[in-house]
Structure formats: C-alpha cells, structure tokens
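In: Build me a structure from this.
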Amino acid sequence: MKSRTGEPREDRRAVRAWMMYDWANSAFATTVLAGFFPIFFKSYWAGGMEGARSTALLGTAASVSVVLVFLVAVGLGSLADRTGSRRRLLGLFCALGSLATMALALVPQGMAVWALALYVVGTLGFAGSSVFYDALLPLIARPERLDDVSTRGYALGYLGGGLLFAAQVVLVTFPHLFGLPDKAAAVRVAFVTTGLWWAGFAVPVLTMIREEKPAPAGSALTVVKESFARLASTIRSIGSYRDLMLFLVAFWCYMDGVGTIVKMATAYGKDVGLEDVHLIGALLMVQFIGLPATVLFGLLARRFGRRRMILVGIAAYAGVVVFAYFMSRGWHFFVLATVVGLFQGGIQAISRSLYASMTPRSRSAEFFGFYNLCARFSTFVGPLVVGWTGGLALNPRFGILTLVVLFVAGAVLLVMVKPERGRARAQEET
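Out: The predicted structure follows:
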C-alpha cells in the first residue's frame, strides 16, 4: 500500500518493534557497562587487587571488545546487506550478549579473568547487535522520519534501562526483602534479569520486521573479502569530502571521551573512595535526566545551530573531566552525573544530524555505514589510556585527566568544519 505521495506506507508495527529493541538492549548499557559490573568487578571479582590495576584491566577489556566489534562490523556488515540477514545477525549477537550477561551470575568470587572474558563477549553482543539494529532503520522508516524514529527509540532506551535499573537498585539495597542472603546474591540476580530483559524484549524486532530477499551474492567468504575492499573504497570517497572527513575525525575524538566516561565512571569513582550507594544513585539519575534533556538539546540546536551545541556539549564534558580530577565526596559524583545526563544523549543525536546534513543522499547508506564504524570504534583509545595511565602512575586521577586531550582535539577539529560548505559539496552528488 502506498501513501498519497506514492511512497510505501510506513509499517507502524515494524517501527514500534524496532524501537523496542532500544528498550531491550539499554538494560545491558545501564546495568553492565555503566552500573553494577564495574562496581562488582572491583569489589568482588578483583577484590584483592590494587584499585589502579583493576581499573587498567577493565579499560583493556573495554578496548578489546571495541576491536572485536570493529572486525565484526567490517566483516559481517556487507554480508548482512548482500544476503538480507540483518535481522538474523541481530538475533545472533543479541543471544550471545544476553547469555554472557546471565553467565556473569555463575562466576565465583576472585575470578577476575572469567568475569572480564564474559564482559568482553557481552559487550561484543551488545555492540554487534546494535550495528545490525541500526542497519534496519532505513528499511522500516521513511527518509523524512529517520530522525524522529531514531530519537524516539533513544528515549525509550533511557526509559527502559532506567526502570529496570531502578528495580535492581531496590533489589540490591534491600536483598533480604526478596529472600536473598546478601547484596552479592542480589547483583547476580540483576545480571540474570538483565539478560532475560534484553532477550525477551528483542522478540518483537526479530519477529515483526521482514527484509526483502536480495539477489544471490555468492559465497559468504567472497562477500566478506569484498567488504574489506569496499571499506577502502569508502575511505577514499570520504576523503574527497573535506568537511565530512574533518567531522568524522572530530567525532571520533570527542565521542571517545564521552564513551570512556560512560564505561569507566563507576570504576573511577570506586578508586577515589566513593560509596556504592552514591555511584548507583547517580547513574540512576542520569537515565531520567537524559530523556527530557535530549529533546531539549535538539530544540536548542535548531535555534543556535548544530555545531555550536555540540561544542557546548564538548566543553561540558571537558569540565566533567577536570571536576572529576578533584572529586572526593559523594555529592560530587551527583554533580557529574547531572552534567552527563544533560548532554550525553543530545551530543550523540545532534552529531548524527550534522553528519547527515553533509552526506550525499545518493550514497547515504554507504556513508552512514562508515559513520557507524567510527561510532563503534570511538571507545578504543580512551579506556586504554585512562586505565593504564592511572595504573602506571598509581593514581587514577591522572588517568581520567588524559581525556581532556580528546575533548580539546575534537573541539579544535570541529571548529574547522564548515557545515555550509559540507552541505554544498554533498548537493553536488545529489
């Protein structure tokens, strides 16, 4: 069925099913990446280890997972496009991640290596499924509705992750009310419920979205080999778009800093002596601040310009890092969490919109594939540098301060971007 404009009507059931996956996988982002895992890792699995060293190991694991995701995105992304298997691969990585998350409940105390191994596998499942989840968006939403559908999915993610995390906080704070012997048992239950939540709410996207069957694409090995060749071709093409290329490098720098703060904040808070209740409460607050703040950030970008608002966000994050260097009290972490909640969703959403405005419509899928690769690979340097700088200096405060370099570099490069010139260049190919 077609609309009055002659375009296929948007399948609202498919759109709702797609958005529900953001609700589903945000449980992992909130509970594992930012919430209970860093705290539980340092106090339970690596309890006898010096704090700076355990943070270094956690940062290394986060960086290793990013490399694996990069290889998956390059090696399987083209295969998914050519064979119409985005939904199946999403399901595969979702299953991998949710099972790894639930398996964390089985890791005995002191087994830091096993915990980190499952953390890497879970992160691979989370980020790998997100690659194919993003790739489904153009199939279920009309071009003029991409931003709206994507933003609503992002908002659902904040809400879903926040609600589950709130319930888990109650569970961990009052384990005896639920018949559990202690907080460690409650955290194990939190990991199991996260995996079940993730897998359960993924069912709609796996059953209600249909992909058109493309023409035969040859053997899987041939397609994978071709994907690497196509990556080189895309890099050469983007190189001819000066402002687009500058933006991608700037984006990689400042998003590396943003992503590192998300992944390492609670571990750093533990290192500087903050109580778990402050760390968990602040993370919960981020979820509910982030939903309206993201919408407001978009409105302000429409009024003052996308690039200007991204620069405001970068400045705020640089301030977070400097403030974190001096952090010593519980309320300090709540201040940092408030700032992160105000800017985290907005800086990501507006970065995507600015990139889209400088992308030629005729090659949008190709260029956005590379954008997604940069987004997934943007949390490689930060966790590694933060973890090992703090470990070598035996002071985690020096590690977190290194992120200022990434934010300054990102801001300088973004100032060099001329969006109007970028849009004009894109129109030449339209």
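
In: where in the stretch 201-350 of the chain is pLDDT low?
Out: Regions of the stretch 201-350 of the chain meeting the criterion pLDDT under 70 cover residues 212-221, 223-235, 263-268, 270-274, 330.

In: can you do 80?
Out: Residue ranges of the stretch 201-350 of the chain with pLDDT under 80: 211-240, 259-288, 290-291, 294-295, 298-299, 302, 327-333, 349.

In: Tell me who's in contact with R16.
Out: P204 (Cβ atoms under 8 Å, 6 or more residues apart in numbering). Placement of C-beta: from N, CA and C, glycine included.

In: which other helices and strands contact the one helix or strand A349 maps to?
Out: Per DSSP states H and E: A349 is located in helix 330-357. Contacts defined by 3 or more Cβ pairs under 8 Å, 6 or more residues apart in numbering; DSSP states H and E place helix 330-357 against helix 146-173, helix 242-271, helix 276-304, helix 306-325, helix 364-376, helix 419-427.

In: of all these, which gets the most neighbours per residue?
Out: Of the helices and strands packed on helix 330-357, the one with the most neighbours on average (mean count of other Cβ atoms under 10 Å) is helix 242-271, at a mean of 24.

In: for the helix or strand hosting V120, packing partners?
Out: Element membership for V120, per DSSP H and E: helix 112-140. On a contact count with 3+ Cβ pairs under 8 Å, 6+ apart, helix 112-140 meets helix 12-28, helix 51-83, helix 86-103, helix 146-173, helix 364-376.

In: buried sites along it?
Out: Buried residues in helix 112-140, counted by 16 or more other Cβ atoms under 10 Å: 112, 115-137, 139-140.

In: Report the distance from it to the chain centre.
Out: Centre-to-centre, helix 112-140 and its host chain are 9 Å apart (Cα atoms, centre = their mean, to the nearest Å).

In: hang on, the earlier thing: out of the helices and strands packed on helix 330-357, nearest to W331?
Out: helix 276-304 (7.8 Å; Cβ to Cβ).

In: Against which helices or strands is the closest one packed?
Out: helix 36-40, helix 146-173, helix 242-271, helix 306-325, helix 330-357.

In: With distance to G59 as extra columns, can I get those helices in a markdown table?
Out: Listed next are the helices and strands packed on helix 276-304 as a markdown table, based on distance: least, Cβ to Cβ, whole Å:
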| stretch | distance to G59 |
| --- | --- |
| helix 36-40 | 10 |
| helix 146-173 | 22 |
| helix 242-271 | 6 |
| helix 306-325 | 15 |
| helix 330-357 | 18 |
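
In: which one of the ones you listed lies closest to H278?
Out: So among the helices and strands packed on helix 276-304, helix 330-357 is nearest, using Cβ to Cβ, at 3.6 Å.

In: Could you figure out how far that closest one is turned away from helix 306-325?
Out: Helix 330-357 runs at 160 degrees relative to helix 306-325, counting by axes from the mean of the first three to the mean of the last three Cα atoms, to 10 degrees.

In: angle of the helix holding V120 against helix 242-271?
Out: 140 degrees.

In: what's the average pLDDT for helix 112-140?
Out: Averaged across helix 112-140, pLDDT comes to 86.

In: And for stretch 149-161?
Out: For stretch 149-161, the per-residue pLDDT averages 80.

In: 2 is where my numbering starts, stick with that
Out: In the new numbering, first residue 2, that becomes stretch 150-162.

In: what's it in contact with?
Out: Residues from elsewhere that reach stretch 150-162 (Cβ under 8 Å, 6+ apart): 16, 19-28, 30-32, 138, 141-142, 198, 202, 288-289, 291-292, 295-296, 299, 346, 349-350, 353.

In: and what of stretch 336-349?
Out: 155, 159, 255-256, 259, 262-263, 266, 283-284, 286-292, 294-295, 297-299, 302, 310-311, 313-315, 317-318, 320-321, 324-325, 328.

In: All good on my end, thank you.
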